[in-house]
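Peer 1: I need the structure of the sequence given here:
(chains A and B)
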Amino acid sequence: MTEFIILGIFSGASYALASMGIVLTYKTSGIFNFAYGGIALFLAYVFWTLRDKWHLNEWISLPLVLIVVAPLLGLLLEAIFRPLAAVAVEVQIVVALGILAFFITLVPIIFGATPTNLPTIFSHRHFRFDGITILFGGVAGESGLFTLLTAAGLAVFLFVLLQRTQFGTATRAVVDNRELAGLIAVNSNRVGQATWIISTVFAAISGILLSTQSGLDIREIPLLALYSLAPAVLGRLVSLPLAFGGSIALGVAQDVLQKFNTTGTVANIESSIPYFTLILLLMVYGSRLKEVRSSLRSLPDPGRYFEREKVRLPWGVGSAVAAGVLIPLMFSGPIQHDIAEAMAYSIVALTVVVLTGWTGQISIAQMSFAAIGAFSVAHMAGTVGSRFPLGILFGVLIAAPVGVIIGLPSLRLSGLFLALATLAFALIMDTFVYSFGAITGGQTGIGVSTVSLGPISLRGYTSQFYLCLAVLTVLAAGAWLLKRGPIGRRLSMVRDSPAAASTLGANLTLTKLAVFAVCGVVASIGGSLLAMTQQSVDPMNFAWNTSLQVLLLVVVGGRSFISGAVAAGALQLVQLLPGIPPVVHTYEPLTIAVTVILIAKGYQGLPQNAFDQARYCMAVLYRLPRPPRAARTAADRPAPDGPPVPVPAPEPVTAEVPALSTRVTHG
Amino acid sequence: MAESTTARLPVSVAAGGPLLQVSEVTVRFGGLTALDAVDLDVMPGQITGLIGPNGAGKTTLFNVITGLQTPTSGHVRLSGSDINRWPPQRRARAGMARTFQRLELFVGLSVRDNLLSAWESRIPGGVFGRRSRDGRELADHVLRRLGLQHLADRPAGELPTGLGRMVELGRALCTEPKLLLLDEPSSGLDHVETEAFREVLLDTTAGGPDSPAVLLVEHDMRLVMEVCDQITVLEFGKRIACGTPDQIRNDGKVIAAYLGEPAG
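Peer 2: Residues are numbered from 1 along each chain as shown, chains lettered A, B, ... in the order given. Okay, here's the model as predicted:
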């Protein structure tokens, strides 16, 4: 028992490093660093490459990483996030997720994807406790103790730095109100840079120490950052001592559970406990979770502006009909099949457009909803293909209440905490639900036989293609019609100004829950179609990172537009089609991550951007009347008549001074 | 629920009670007392001014009245019913509407849709298109009254501040409010726009007891003195005076608060 507790404390120390790093970034910059695990991963690989591949010893490579590489990366991140300080939290989350995806895809490209076991950084010495050699021998114990001591030391350092120094006060002033801090002679940019440098160095330390324990594995290190989300939320994202204590408690709980769960009676409970804790904390804390900087976000979003679907309904339906006629004529069966799969994917992407683009709620779990539909079909129609409609219905019936449950944290939580709740849901699906063999068929998944819709067999590629096309067209046309009506207006209200919406009589709670439920249902239908096209349902295809990928593809495609969902499907098609060179497969996700980071601030997506730019160039070239400049990206858009962002008059700013000073003292 | 309040309204109005009654409302943020046992009455059909130096707690009081901020203690009553525990949307459906000191437009919508969405939020079932024709007519009527009809299809987010404030006012009017709360509506407006706003405000309340009561937070003293029937003055979260514009103009404490001299 004792050794499990000790081991738990050691693994808790790793989580403590990561959760303190997340809290530090959030506290000091107001940005929730979803990318933390990715940054830690990258810097850990840099360190081990310097030490073991380039054979610099640790006394050179460690300072090199901690004093040169990490601070430079910190400066770069600060430069990325600084312009996003006052924009919608949704944009910040998307950019952070883009950076996470960037590092997760970059590391295997640069360093290779094979997990490596590592020696300890420093000398080897047997570590004994209570006369018991720690399990796995002295090495694990030693590096565990080292991690614990480092984490504790850094915790004390951070606490003193933030509570007792002028830098800490300046930091809190900048987080509270950048402009005001500037007025009282705090150089906000310098403070911002310093905090990003510190937190990136922290990520480096976390990454390196974690890798000594778990080995260099592109899956393990980001996972540990996800584990540490719960302790970070325990401290409401601002308390370092609570994050530290929570991490240790989590580590102990995991290792003790592992001891009692050796028989595997409760599937994989020790890996899913951090996520259950996270979602529980979010529900329990509820409205007490307040975002820092939230006072600033009531400003209208400079990146957000009027957008109306560029593709009109007749054109959309017309091109669907044209596709229905042409694609079966032009392409062979397997390609039609890939297109069908991409369209099923587009249906899931459509829910991301509605949730993120129209309602301003980020969901990193839409593929988990798709999984509900997929597994329902697999179970109902796995052997008897005619029960396919029943499978779809079953999925819908499960997905709706689950959508409501996942939407529940959104009742009083803002975008960030809701995004965390959806992430927790996706991770619970991954680690807990998927681990039940009875649900998922284990590692191999479940096969789906040839399904049929009433008398119509969906054996042929063409029939599957037509089914997906029809469902996508109906759903997209329905969404298009709803967007133009009162429901679309209600979604825009919730996104643009929740405060104004509620004081005008809109019920935010009901709206958000309904949107989550409907989007869950639609994603589930998309998942059912994916099950049909893939002919087997593999939990790996519905893991949290696939949900992340859908979100990023939609951002690239244009998250405010239905066409963005179609574009997301098309981008996914690149991964599916035969004959695409491997280099494209390798670099596509990386390119998408970079594109997301670059264009996330505008809401239009790449095709629309490119189209507008092209049209603008053509207009200039041919001296045609220029298109209204409002059609270009928000960043380029000049004020047509007056500033688009109403700059608050000087009075309101001064009115905030007493509030600011209290937050500085008591925050 | 909203209907029952609406149904009760005429009784209490007939009894001559205040439409809105704020009693002993206190709000503390940590160690800072933003509002300290503030009392405020708004009579039906009247324009009540709420003035005070910056940081006096005016916007906090607005947030308490509209339900965005829960008071530490004290009560808010609307037409006699205690609405302390009502969420903002229920208060809105009972007849409250507000504008914001910092613009809170739905920037993704056109000007007309901003107004229409307000109507749809207030009408039960409005989100499913119930009585949408009435809503359109009302929105167009309000747009004309505010002189915004030529901007109806323009994106709300592209308007300059002055017009944005007009749109917010129109949006509030589209809920057909009984109580209209305006938070510094003239800040950021030039002289011409302020004048236009004053006319709209007087026009809105010209209908006697049937027209909405207005609670107006304003820095433009000339405007306040001109349009208000009653004025309440806040300083550091406390009510220091309350009365007609003439009384306020001659109140020693108010002069001291604004000119920074010790009260005599």
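
Peer 1: okay, and for chain A, where does confidence drop off?
Peer 2: Along chain A, segments meeting pLDDT under 70 span A:117-142, A:175-183, A:185, A:261-267, A:287-308, A:410-414, A:623-667.

Peer 1: not counting sequence-adjacent ones, nearest residue to the residue nearest the centre of it?
Peer 2: Residue closest to the average C-alpha location in chain A (Cα atoms, centre = their mean): residue A:97, at 4.6 Å. Spatially, and ignoring its direct neighbours in sequence, residue A:97 is nearest to residue A:34 (5.1 Å; Cβ to Cβ, 6 or more residues apart in numbering or on different chains). Where you see a C-beta, it was placed from the backbone N, CA and C, and this is true even at glycine.

Peer 1: okay, now that neighbour: neighbour count?
Peer 2: By other Cβ atoms under 10 Å in any protein chain shown, 27 other residues sit near residue A:34.

Peer 1: got the contact list for residue 248?
Peer 2: Going with chain A. The contact partners of residue A:248, taken as Cβ atoms under 8 Å, 6 or more residues apart in numbering or on different chains, are A:8-9, A:12-13, A:15-16.

Peer 1: actually, chain B is the one I wanted.
Peer 2: Taking Cβ under 8 Å, 6+ apart, we find residue B:248 in contact with B:51, B:225, B:231, B:233, B:241, B:254.

Peer 1: kindly report the same for residue A:80.
Peer 2: A:95, A:99, A:597.

Peer 1: do the same with residue A:593
Peer 2: Counted by Cβ under 8 Å, 6+ apart, residue A:593 has contacts A:98-99, A:101-102, A:105, A:552.

Peer 1: swap in 7 Å and give it another go.
Peer 2: A:98, A:101-102, A:105, A:552 (Cβ atoms under 7 Å, 6 or more residues apart in numbering or on different chains).

Peer 1: equivalent analysis for residue A:19, please.
Peer 2: A:228, A:231-232, A:243, A:247.

Peer 1: from the contacts of residue A:80, pick the one nearest chain B.
Peer 2: Lowest distance from chain B to the contacts of residue A:80 (Cβ to the nearest Cβ) belongs to residue A:95, with 19.9 Å.

Peer 1: so where do the strands sit in the chain?
Peer 2: You didn't pick a chain, so chain A it is. A:128-129, A:132-133, A:446-447, A:452-453, A:456-457, A:536-537 (DSSP state E).

Peer 1: that answer is for a different chain, and I need it for chain B
Peer 2: B:20-29, B:32-42, B:47-51, B:73-78, B:81-82, B:96-98, B:179-183, B:213-217, B:230-235, B:238-243.

Peer 1: and the shortest one, which strands flank it?
Peer 2: In the sheet containing strand B:81-82, its partner strands are strand B:73-78 (antiparallel), by DSSP bridges.

Peer 1: and the partner strand, which residues are buried?
Peer 2: Going by neighbour count (16 or more other Cβ atoms under 10 Å in any protein chain shown), the buried part of strand B:73-78 is B:74, B:76-78.

Peer 1: what's residue A:4 in contact with, if anything?
Peer 2: Contacts of residue A:4 (Cβ under 7 Å, 6+ apart): A:255-256, A:259.

Peer 1: can you do 10 Å?
Peer 2: A:135, A:252, A:254-260 (Cβ atoms under 10 Å, 6 or more residues apart in numbering or on different chains).

Peer 1: just residue A:449 next, same as before
Peer 2: A:378, A:381-388, A:459, A:535 are the contacts of residue A:449 under Cβ under 10 Å, 6+ apart.

Peer 1: so can I have TSV of these showing neighbour count and distance to chain B?
Peer 2: As requested, those are arranged in TSV below (neighbours: other Cβ atoms under 10 Å in any protein chain shown; distance: Cβ to the nearest Cβ, whole Å):
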residue	neighbour count	distance to chain B
A:378	30	36
A:381	25	35
A:382	20	39
A:383	12	42
A:384	13	39
A:385	19	38
A:386	16	36
A:387	19	34
A:388	24	32
A:459	13	41
A:535	14	40
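
Peer 1: from the residues you listed, pick the one nearest residue B:150.
Peer 2: Lowest distance from residue B:150 to those (Cβ to Cβ) belongs to residue A:388, with 54.8 Å.

Peer 1: how far away is the residue nearest to the closest one when sequence neighbours are not counted from residue A:275?
Peer 2: Once flanking residues are discounted, residue A:388 sits nearest to residue A:451: 3.7 Å by Cβ to Cβ, 6+ apart. For residue A:451, the distance to residue A:275 (Cβ to Cβ, to the nearest Å) stands at 33 Å.

Peer 1: more neighbours: which of those two?
Peer 2: residue A:451 (28 against 24).

Peer 1: give me the subset of the contacts of residue A:248 touching chain B.
Peer 2: Among the contacts of residue A:248, no residue sits close to chain B (Cβ under 10 Å from any Cβ of the partner chain).

Peer 1: end-to-end on stretch B:53-60?
Peer 2: 13 Å (Cα to Cα, to the nearest Å).

Peer 1: just give me how far stretch A:435-454 sits from the chain centre.
Peer 2: What separates the centre of stretch A:435-454 from the centre of its chain is 27 Å, taken as Cα atoms, centre = their mean, to the nearest Å.

Peer 1: straight-line length of that stretch, end to end?
Peer 2: With Cα to Cα, one end of stretch A:435-454 sits 33 Å from the other.

Peer 1: re the thing from before, are any of the contacts of residue A:80 buried, and which?
Peer 2: Applying 16+ other Cβ under 10 Å to the contacts of residue A:80, the neighbour count classes A:95, A:99, A:597 as buried.

Peer 1: now distance to residue A:239 too, for these, in JSON lines please.
Peer 2: What follows is these, written out as JSON lines (distance: Cβ to Cβ, whole Å):
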{"residue": "A:95", "distance to residue A:239": "25"}
{"residue": "A:99", "distance to residue A:239": "25"}
{"residue": "A:597", "distance to residue A:239": "30"}
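
Peer 1: now, which of the contacts of residue A:19 sits nearest residue A:427?
Peer 2: Distances from residue A:427 to the contacts of residue A:19, taken by Cβ to Cβ, are shortest for residue A:228, at 12.4 Å.

Peer 1: and for that closest one, the neighbour number?
Peer 2: Neighbour tally, residue A:228, other Cβ under 10 Å: 31.

Peer 1: hmm, residue A:398 and residue A:524 touching each other?
Peer 2: Yes - with contact defined as Cβ atoms under 10 Å, residue A:524 reaches residue A:398; the gap is 7.4 Å.

Peer 1: list residues touching both of those two?
Peer 2: With Cβ under 10 Å, 6+ apart, residue A:524 and residue A:398 have common neighbours A:369, A:372-373, A:375-376.
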